[in-house]
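# just coords:
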């Protein structure tokens, strides 16, 4: 029985050796996304530490010199990227090849403890403190909004970059309280109907549709207010 160690499409585009490396790298990244590990997270992306010697040990039919050529070819093709950390080379997939649903690092979802100690201890010497605090404030709003969706729609959407990216875009134009109000409104409208399947980030946080949701909610609220006023006036007349 043969064990496939690469994808045919990668082999056709970049060669078999490159396809083998990409298969290994994707496996490593996907595994860490599943485990939500932070050990191999560098600048918001999971990396693998493979030296040329490590790769030759894993795949002894490919020489170290051949791996050097493979890695250069994939970097030039903008398929992978490298980072230097602790004197070692770390590999990851380039942006357009990297999975979208990467967990937001837990340390970023925490409070001021996620601010580097150097910045916390020397705020007067670093303009970065305000930037970190603003970043945390924005992320906290994103977390609150996704948590609110999960609550009102009875869902379990995870805090991944693709969801946070959609929310971040909305927050440029709409206050967080308005976003949460729209989520509550749409959940009330769609729960228990054929539209319940659309209570999801890709639909509700879509910038091109959100203004329609806001106007729909405000129109319904206006009509409801008018009806309440009429009912109150009618009740007063009937009383006498």
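Noted; the coordinates are in hand. Just so you know, these numbers come straight off a predicted model, no measurement behind them.

# How about the contacts made by the spatially closest residue to residue 171 that is not a sequence neighbour?
Of all residues beyond its chain neighbours, the one nearest residue 171 is residue 141 (6.1 Å), with distances taken as C-beta to C-beta, 6 or more residues apart in numbering. C-beta: built from backbone N, CA, C; applies to glycine. Neighbour list for residue 141: 167, 171, 176 [criterion: C-beta atoms under 8 Å, 6 or more residues apart in numbering].

# Validate this expectation: residue 141 resides in a helix.
Yes. Secondary structure of residue 141 (DSSP: H, G, I helix; E, B strand; the rest coil): part of a helix.

# if we can go back for a sec, I'd like the contacts of residue 141 laid out as a markdown table, including distance to residue 14, secondary structure and neighbour count.
Shown next, in a markdown table, are these (distance: C-beta to C-beta, whole Å; DSSP: H, G, I helix; E, B strand; the rest coil; neighbours: other C-beta atoms under 10 Å):
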| residue | distance to residue 14 | secondary structure | neighbour count |
| --- | --- | --- | --- |
| 167 | 35 | helix | 22 |
| 171 | 39 | helix | 17 |
| 176 | 44 | helix | 17 |
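
# Switch these over to a markdown table; also include distance to residue 86 and pLDDT.
Formatted as a markdown table, the contacts of residue 141 follow (distance: C-beta to C-beta, whole Å; pLDDT from 0 to 100):
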| residue | distance to residue 86 | pLDDT |
| --- | --- | --- |
| 167 | 34 | 92 |
| 171 | 36 | 91 |
| 176 | 39 | 91 |
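
# Save these as CSV, and put in distance to residue 52 too.
Formatted as CSV, the contacts of residue 141 follow (distance: C-beta to C-beta, whole Å):
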residue, distance to residue 52
167, 41
171, 44
176, 49
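
# so what's the closest residue to residue 6 other than its chain neighbours scoring on pLDDT?
The spatial neighbour of residue 6 that comes closest, neighbours along the chain excluded (C-beta to C-beta, 6+ apart), is residue 19 at 3.5 Å. As summarised for this prediction, residue 19 has a pLDDT of 91.

# Just confirm residue 5 is within a strand.
No. When classified by three-state DSSP, residue 5 is found to be coil rather than part of a strand.
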